[in-house]
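S.K.: Test case, fold it:
(chains A and B)
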Amino acid sequence: DQQVKQNSPSLSVQEGRISILNCDYTNSMFDYFLWYKKYPAEGPTFLISISSIKDKNEDGRFTVFLNKSAKHLSLHIVPSQPGDSAVYFCAASVTGSARQLTFGSGTQLTVLP
Amino acid sequence: DTAVSQTPKYLVTQMGNDKSIKCEQNLGHDTMYWYKQDSKKFLKIMFSYNNKELIINETVPNRFSPKSPDKAHLNLHINSLELGDSAVYFCASSQSSNEQFFGPGTRLTVL
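M.R.: Residues are numbered from 1 along each chain as shown, chains lettered A, B, ... in the order given. Prediction:
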């Protein structure tokens, strides 16, 4: 039972263009969402997060949008750079749940020079 | 000055053996975790310790036993290894937030 879904296993984007990575969730109790980036042979690194009281959070080239009614969030990267090529994981948690994160299966982003 | 470190990075062993993976964090965090990334690439929580106390114990065979000698360490011992235990195991830590910091992972291969 996947509570967090990333339906696109891969995405290719031209350098300089926008990358949009999508994530859907089914558990309406989730109230905090995170994006992690992972390079091969390394652990995931935290990228950006958003609380359910917001619908947008921005950090430099990265913006996360949350649509609670649709149980959908997305990560926008503008402009995309070759160094952004990595696997991106969406994760969700319930406040007070001992900070347990539920992860999606990841999307491989390739930014083409 | 690695924040979350794991040893070994690679572990190849025979079925039936017992092995341990060590994890240390120098961030002063109070909570540590073990995740398993399976062949389908899902990262699934296995255990979580807060101040050396077990707080999350997902449905994991009891062949897996975490041990936390202090707040900075959370080791994972696996008895009677099986083929299905082959995966990448990640340690992580956090402090008063949902953001978790991950180690580089240990790739376990059971032959």
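
S.K.: Quick check: residues of chain B near chain A?
M.R.: Within chain B, the positions adjacent to chain A are B:4, B:31, B:40-45, B:48, B:50, B:55-56, B:90, B:92, B:94, B:97-105 by Cβ under 8 Å from any Cβ of the partner chain. Heads up, the C-betas are built off the backbone N, CA and C, glycines and all.

S.K.: so of those residues, which ones are in strands?
M.R.: Those of these mapping onto strands are B:4, B:31, B:43-45, B:48, B:50, B:55-56, B:90, B:92, B:94, B:101-102, per DSSP state E.

S.K.: out of those residues, which are buried?
M.R.: With burial judged by 16 or more other Cβ atoms under 10 Å in any protein chain shown, the buried subset of these is B:4, B:31, B:43-45, B:48, B:50, B:56, B:90, B:92, B:94, B:101-102.

S.K.: tell me the least confident of these?
M.R.: Minimum pLDDT across those is recorded for residue B:56, with 75.

S.K.: Nearest to chain B within chain A, name that residue for me.
M.R.: residue A:43 (3.3 Å; Cβ to the nearest Cβ).

S.K.: is the spatially closest residue to that residue that is not a sequence neighbour in a bridge, and if so with what?
M.R.: What sits nearest to residue A:43 in space, not counting adjacent residues and going by Cβ to Cβ, 6 or more residues apart in numbering or on different chains, is residue B:102, at 3.3 Å. Taking DSSP bridges as the rule, residue B:102 bridges to residue B:92.

S.K.: Bridged to the most centrally placed residue in chain B, which residues?
M.R.: When Cα atoms, centre = their mean is applied to chain B, the residue found nearest the centroid is residue B:34 (3.4 Å). Going by DSSP bridges, residue B:34 is paired in beta bridges with residue B:47, residue B:91.

S.K.: Using PDB, write out every CA atom in stretch B:103-111.
M.R.: The C-alpha trace of stretch B:103-111 is given here as PDB (Å, rounded to 0.1, in the frame of the first residue of the first chain):
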ATOM      1  CA  GLY B 103      24.500   8.400   5.800                       C
ATOM      2  CA  PRO B 104      26.000   7.200   2.500                       C
ATOM      3  CA  GLY B 105      24.400   3.700   2.800                       C
ATOM      4  CA  THR B 106      25.700   0.200   3.100                       C
ATOM      5  CA  ARG B 107      25.100  -2.100   0.200                       C
ATOM      6  CA  LEU B 108      24.600  -5.600   1.500                       C
ATOM      7  CA  THR B 109      24.800  -8.600  -0.800                       C
ATOM      8  CA  VAL B 110      23.900 -12.000   0.400                       C
ATOM      9  CA  LEU B 111      25.100 -14.900  -1.700                       C
END
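
S.K.: mind listing what residue 73 touches?
M.R.: Reading this off chain A. A:22-23, A:25, A:33, A:50, A:64-67, A:90 (Cβ atoms under 8 Å, 6 or more residues apart in numbering or on different chains).

S.K.: Chain B, not that one
M.R.: B:22-25, B:32 are the contacts of residue B:73 under Cβ under 8 Å, 6+ apart.
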